[in-house]
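Peer 1: A structural model of the following input is requested.
(one chain, ligands or ions: 1)
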Amino acid sequence: MATSLIKGLIASGHDAAAIRASDPDPEQLRKIAELGVATAPDNNAQARGADVVILAVKPQVMANVAAGLTDLRPDQLLVSIAAGVPMSSLAGWTRAAQPIVRCMPNTPALLGAGVTALCANARVSPAQKELAQSVLATAGRTLWVSPEDQLDAVTAVSGSGPAYFFYLMEAMIEAGRSLGLSAETAATLTLETARGAALMALEGPSPAQLRANVTSPGGTTQAALEVLEAADCQGIINAAVAAAAERSRELATEFGR
Ligand SMILES: NC(=O)c1ccc[n+]([C@@H]2O[C@H](COP(=O)([O-])OP(=O)(O)OC[C@H]3O[C@@H](n4cnc5c(N)ncnc54)[C@H](OP(=O)(O)O)[C@@H]3O)[C@@H](O)[C@H]2O)c1
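Peer 2: Residues are numbered from 1 along each chain as shown. Okay, here's the model as predicted:
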């Protein structure tokens, strides 16, 4: 995620020389240095004096990494992209007065087609909110949520969401194969249909209206939708997304202590 954010920043015109990165792995640093970014293994040294410090490590190591940033000034903005680590924990591990933005990007960020929800603590200034948003905007669309616990729902909808769509794609490809299509034909039809449907839904009207528009009474689409409704597909999706949100809350107690 850090690499894709750095690439996004450079692609959107930021000076690579103004970006610093750290990582304990020399091989990882070598790859990032190829982007023209200054690299070093020492997090604290790299963070020194930066306007914004992005914490892009796994939740399991966040406590150590945050506590190691001993030279932070109170005006330096901390941005965490780690799932499930509350801002109160980050504040406790660094200095309690730190301005903090916690956000939840998703994997399409790798293509600049992600969506990121952000949440700020009370110490973040309007200019710092803009700064955080401009960094994450290089990975796709951004929006703010509040209070912080909405990030559990965000994680369940858009954080884990790409996997739900991949699952549906896999299922449709398999269904096409079982009707006699080749794997390649079923995959092309499914993936292009997913792309087209997403583009139409982004343009509007609502997905519900779009679905109604393509469902003729007594037609093929209605026959399929009746099967989905009889199986309570909405209820199953509600349960799946609720399970992801619950897991996100559990992660906060596991990694936020
Ligand atoms: N991937 C996603 O789609 C996604 C979406 C939303 C949020 N996130 C969040 O983004 C964060 C990063 O995820 P990721 O997928 O990018 O993980 P990742 O590929 O494992 O990247 C984490 C990087 O941090 C490095 N690191 C480990 N310990 C460190 C330390 N003490 N100091 C500095 N760097 C250290 C790791 O190095 P080593 O490999 O050498 O350990 C690795 O290069 C996670 O907290 C995750 O919850 C990810």
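
Peer 1: Report the separation between whichever residue of the stretch 151-257 of the chain sits closest to the ligand and M1.
Peer 2: Distance from the ligand to each residue of the stretch 151-257 of the chain (C-beta to the nearest ligand atom) is smallest for G159, at 5.4 Å. Quick note: C-beta positions are derived from backbone N, CA and C, even for glycine. From G159 over to M1 the distance is 12 Å, taken as C-beta to C-beta, to the nearest Å.

Peer 1: which residues are in contact with both of those two?
Peer 2: P105 (C-beta atoms under 8 Å, 6 or more residues apart in numbering).

Peer 1: neighbour count winner among those two?
Peer 2: G159 (24 against 17; other C-beta atoms under 10 Å).

Peer 1: Grab the nearest non-local neighbour of P26.
Peer 2: P41 (7.4 Å; C-beta to C-beta, 6 or more residues apart in numbering).

Peer 1: Can you give me the neighbour number for that neighbour?
Peer 2: Residues near P41, counting by other C-beta under 10 Å: 13.

Peer 1: That one: what's it in contact with?
Peer 2: By C-beta under 8 Å, 6+ apart, the residues touching P41 are S22, D23, P24, P26, L29.

Peer 1: what helix or strand is the last one on?
Peer 2: Okay, so that is L29. helix 26-33 (DSSP states H and E).

Peer 1: tell me the mean pLDDT for stretch 21-40?
Peer 2: Confidence for stretch 21-40, expressed as mean pLDDT, is 95.

Peer 1: now do stretch 212-228
Peer 2: Stretch 212-228 comes out at a mean pLDDT of 96.

Peer 1: what about the nearest residue to T190 once chain neighbours are set aside, how many neighbours?
Peer 2: Among residues not flanking T190 along the chain, M172 sits closest, at 4.5 Å (C-beta to C-beta, 6+ apart). Close neighbours of M172, defined as other C-beta under 10 Å, add up to 17.

Peer 1: Right, I'll leave it there.
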